[in-house]
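Asker: Return a 3D structure for these sequence lines:
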Amino acid sequence: MISLAVNGQVHVVDAPSDMPLLWVLRDILGLTGTKFGCGIAQCGACTVHVGGKPVRSCLLPVGAIGARPITTIEAVGGTPNGAKVQKAWLDLEVIQCGYCQSGQIMSAAALLDVTPHPDDADIDAAMAGNICRCGTYVRIREAIKLAAGEA
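Answerer: Numbers count the residues shown, from 1 in each chain. Sure thing, here's the model as predicted:
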């Protein structure tokens with residue numbers, strides 16, 4: 001049994017310690033907003049916050065979490081920067097197919113947590129590895145700037 005603090009609630013899950021966090025979130029806790037993309041931590045679709053930092057949940061063993069709190073797309077809108085990012089995403093109609101967008105939003109919110117007024121280089125560095133097959137990168141950059149209050 002593993003105890004996890006997810007989105008402000010403590011959950012005790014019966015999972016092997018080497019099970020990826022992604023599958024605990026989706027299959028055990030029913031939080032399906034975090035997506036499976038590549039399974040090798042390269043696409044960013046599975047990004048969540050662990051201890052306030054963006055991580056790829058598809059390879060992170062649940063046993064490595066410890067007491068660090070986990071925030072998923074289902075709760076990031078309850079944080080100041082998560083709410084700003086989600087609003088900007090909607091205002092600029094960033095989403096096309098939407099599959100990658102939960103990971104994109106999680107990475108963008110984490111960026112604004114550490115860099116409130118990012119420049120293009122900051123955005124490029126923070127969003128590297130978040131792949132959008134629809135190519136919404138221009139709108140993603142604009143939304144991050146809008147959320148930062150710079151658009």
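Asker: Point me to the residue sitting closest to the centre of the protein.
Answerer: Among the residues of the chain, the one closest to the centroid is Met106, at 2.7 Å (C-alpha atoms, centre = their mean).
Asker: dump the residue contacts of the residue nearest to it when sequence neighbours are not counted.
Answerer: The spatially closest residue to Met106, leaving aside those adjacent along the chain, is Thr47, at 4.3 Å (C-beta to C-beta, 6 or more residues apart in numbering). C-beta: built from backbone N, CA, C; applies to glycine. With contacts defined as C-beta atoms under 8 Å, 6 or more residues apart in numbering, Thr47 is in contact with Thr34, Pro54, Val55, Arg56, Ser57, Ser102, Gly103, Gln104, Met106, Ser107, Asn130.
Asker: between the residues you listed, which is nearest Ala143?
Answerer: Using C-beta to C-beta, the shortest approach to Ala143 within those belongs to Gln104, at 8.9 Å.
Asker: before we move on, the earlier item: which ones among the contacts of Thr47 map onto helices?
Answerer: Where these overlap with helices, as defined by DSSP state H, the overlap consists of Ser102, Gly103, Gln104, Met106, Ser107.
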